[in-house]
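> Sequence first, then the predicted structure, then my questions.
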Amino acid sequence: MTRLFKLRDITIYKDTQYYCGPGPSSVLLPDGRILVAFRRARDWTSEGVIAHGFPSTDACLTCSDDEGCSWSKPVVFTAGNITNQNLLRLPNGVLLCLTQRGELVPLKVYEKWKDQKPFHYNEAFGWAHASFGVQVMRSFDDGLTWEGPFFISPVPDIDPIFPDWPSPSGLRASPITLQDGAVGVAVYGLRGGKRKSGNVWFMTSTDFGETWIPRGRIADDPDGTHYPNETSVYQCESGKLVAFMRIENTSERLLCTSESHDSGVNWSPWQPQNIKGHPFQAARLSTGQVLLAYGYRHAPMGVRACLLDANCDNLDTTQELILRDDGGSFDLGYPHVLPLPGGKALITYYHNVDNGLRFVTGSLVEVK
């Protein structure tokens with residue numbers, strides 16, 4: 001029987017000037033280098049302020065040519081009110097990076113429309129902002145130069161906040177390359193602009209991320225009873241698609257899954273699984289097994305992972321591996337799984353110890 005083992009933890013980027021989180025991701029380049037994308041913003045944690053929605057956030061790239069032992073100086077490739085960076089390298093070598101984006105709203109506009117539009121007011125920093133949807137950046141030279149942004153819009157039933165704005169959606173995980181050649185990703189938003197009314201769609205692109213169309217609705221919660229939101233999608237070798245969902249309004253905070261057997265057009269009702277944590281991301285290892293990683297925002301806080309069979313049918317019986325349990329607060333996790341040769345994988349995430357500096361780190365694991 002094969003099992004999952006942790007080999008070591010890796011520090012990817014840690015700087016006392018910067019808050020780094022959530023959501024790093026990584027790709028393996030043809031020459032064997034590992035490329036990691038992450039976000040950083042000026043750190044105010046010592047003052048009790050968390051820079052989640054900071055409007056001057058850097059999106060950075062760093063690279064390792066020695067399996068994570070050392071990392072290059074970060075290079076900023078875009079900036080703004082952006083969050084988690086979600087990489088995918090397509091079979092033709094095109095590199096995509098998806099993130100959700102916000103725009104600052106003048107306080108005069110905020111006061112005028114705050115009771116009618118889903119604005120966000122940040123009391124710690126004193127500004128208002130609104131969702132500007134999911135943006136796509138694209139590179140043809142492995143991250144040296146970029147074009148974009150393009151936007152995943154329109155998304156059905158997710159109304160723009162202002163005319164000509166993109167649908168105000170968000171995303172949790174990197175897109176995937178589907179067996180039919182399209183690129184697919186799950187995005188979520190507020191149905192009709194109603195707060196906590198979850199609406200998760202599977203969107204696809206056939207022109208390398210420039211334009212997107214809806215293929216099928218993964219989850220719908222028009223009454224706001226459960227609020228499904230951050231969702232990642234994995235395609236099994238059999239062709240089955242599995243959506244790993246974060247359902248907000250549940251006391252257990254269990255993983256919920258939905259399946260599609262027609263390339264993402266129709267999805268089964270979500271089902272709770274016996275795995276606690278959020279959010280989730282899965283990838284296929286060189287062994288053919290599937291590695292699922294997730295944040296664990298319950299004591300002891302950290303990041304965990306488990307090994308699934310090729311069709312993701314053993315969610316109820318898989319054994320959990322604790323990667324980190326030394327987290328100082330719930331502001332951690334958002335892992336990404338990068339398969340490596342020889343049954344190994346690098347799981348990247350953001351972390352903190354003693355509720356201190358948030359930094360980009362990872363765990364190297366192996367199936368034996």
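Structure received.

> what about Asn355, how many residues close to it?
Asn355: 14 surrounding residues under other Cβ atoms under 10 Å. Yep, even glycine has a C-beta here, placed from its N, CA and C like the rest.

> you'd agree it is in a helix?
No: Asn355: not assigned to a helix; according to DSSP: H, G, I helix; E, B strand; the rest coil it is coil.

> Please name the residues that touch it.
45, 328-329, 331 (Cβ atoms under 8 Å, 6 or more residues apart in numbering).

> Is Pro156 in contact with Ile213, as I believe?
No: contact criterion Cβ atoms under 8 Å: Pro156 and Ile213 do not qualify, at 10.1 Å.

> hang on, the earlier thing: for the contacts of Asn355, which one is nearest His129?
Asp331 (19.2 Å; Cβ to Cβ).

> what ranges do the helices span in the stretch 101-250 of the chain?
With DSSP state H, counting those that start in this stretch as the criterion, the stretch 101-250 of the chain has helices at 107-113.

> In it, where is pLDDT below threshold?
Where the stretch 101-250 of the chain drops to pLDDT under 70, the residues are 191-197.

> Give me the buried entries from the contacts of Asn355.
The neighbour-count criterion (16 or more other Cβ atoms under 10 Å) marks 45, 328, 331 among these as buried.

> I'd like these laid out as a markdown table, including distance to Gly342.
Listed next are the buried ones among the contacts of Asn355 as a markdown table, based on distance: Cβ to Cβ, whole Å:
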| residue | distance to Gly342 |
| --- | --- |
| Thr45 | 38 |
| Gly328 | 33 |
| Asp331 | 33 |
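
> Endpoints of stretch 276-290, how far apart?
18 Å (Cα to Cα, to the nearest Å).

> Now render the buried ones among the contacts of Asn355 as JSON lines, adding distance to Tyr13 and pLDDT.
Converted to JSON lines, the buried ones among the contacts of Asn355 look like this (distance: Cβ to Cβ, whole Å; pLDDT from 0 to 100):
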{"residue": "Thr45", "distance to Tyr13": "16", "pLDDT": "83"}
{"residue": "Gly328", "distance to Tyr13": "18", "pLDDT": "95"}
{"residue": "Asp331", "distance to Tyr13": "16", "pLDDT": "94"}
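
> which one of those residues is nearest Pro160?
Of those, the one sitting nearest to Pro160 (Cβ to Cβ) turns out to be Asp331, at 30.0 Å.

> Hmm, that closest one is touching Val49, no?
No: Asp331 is beyond contact range of Val49, at 11.7 Å (criterion: Cβ under 8 Å).

> those strands in the stretch 101-250 of the chain, which residues are they?
Here the stretch 101-250 of the chain has its strands, by DSSP state E, counting those that start in this stretch, at 120-122, 127-139, 147-151, 176-177, 183-190, 198-205, 213-220, 228-235, 241-247.

> which one of these lies closest to Pro335?
Nearest to Pro335, of these and by Cβ to Cβ, is strand 228-235 at 10.2 Å.

> Export the strands of the stretch 101-250 of the chain to a markdown table and append columns for mean neighbour count.
Below are these laid out as a markdown table (neighbours: other Cβ atoms under 10 Å):
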| stretch | mean neighbour count |
| --- | --- |
| strand 120-122 | 14 |
| strand 127-139 | 22 |
| strand 147-151 | 17 |
| strand 176-177 | 18 |
| strand 183-190 | 25 |
| strand 198-205 | 24 |
| strand 213-220 | 19 |
| strand 228-235 | 25 |
| strand 241-247 | 26 |
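
> Of those strands, which is nearest Leu95?
Of the strands of the stretch 101-250 of the chain, nearest to Leu95 by Cβ to Cβ is strand 127-139, at 4.2 Å.

> Partner strands of the closest one and their direction?
According to DSSP bridges, strand 127-139 forms sheet pairs with strand 95-105 (antiparallel), strand 120-122 (antiparallel), strand 147-151 (antiparallel).

> nearest to Val183, of the buried ones among the contacts of Asn355?
Checking the buried ones among the contacts of Asn355 against Val183 by Cβ to Cβ gives Asp331 as the nearest, at 30.1 Å.

> so is the closest one in a helix, a strand, or just coil?
Counting by three-state DSSP, the backbone at Asp331 sits in coil.

> From Leu346, how far off is it?
Distance of Asp331 to Leu346, given as Cβ to Cβ, to the nearest Å: 22 Å.
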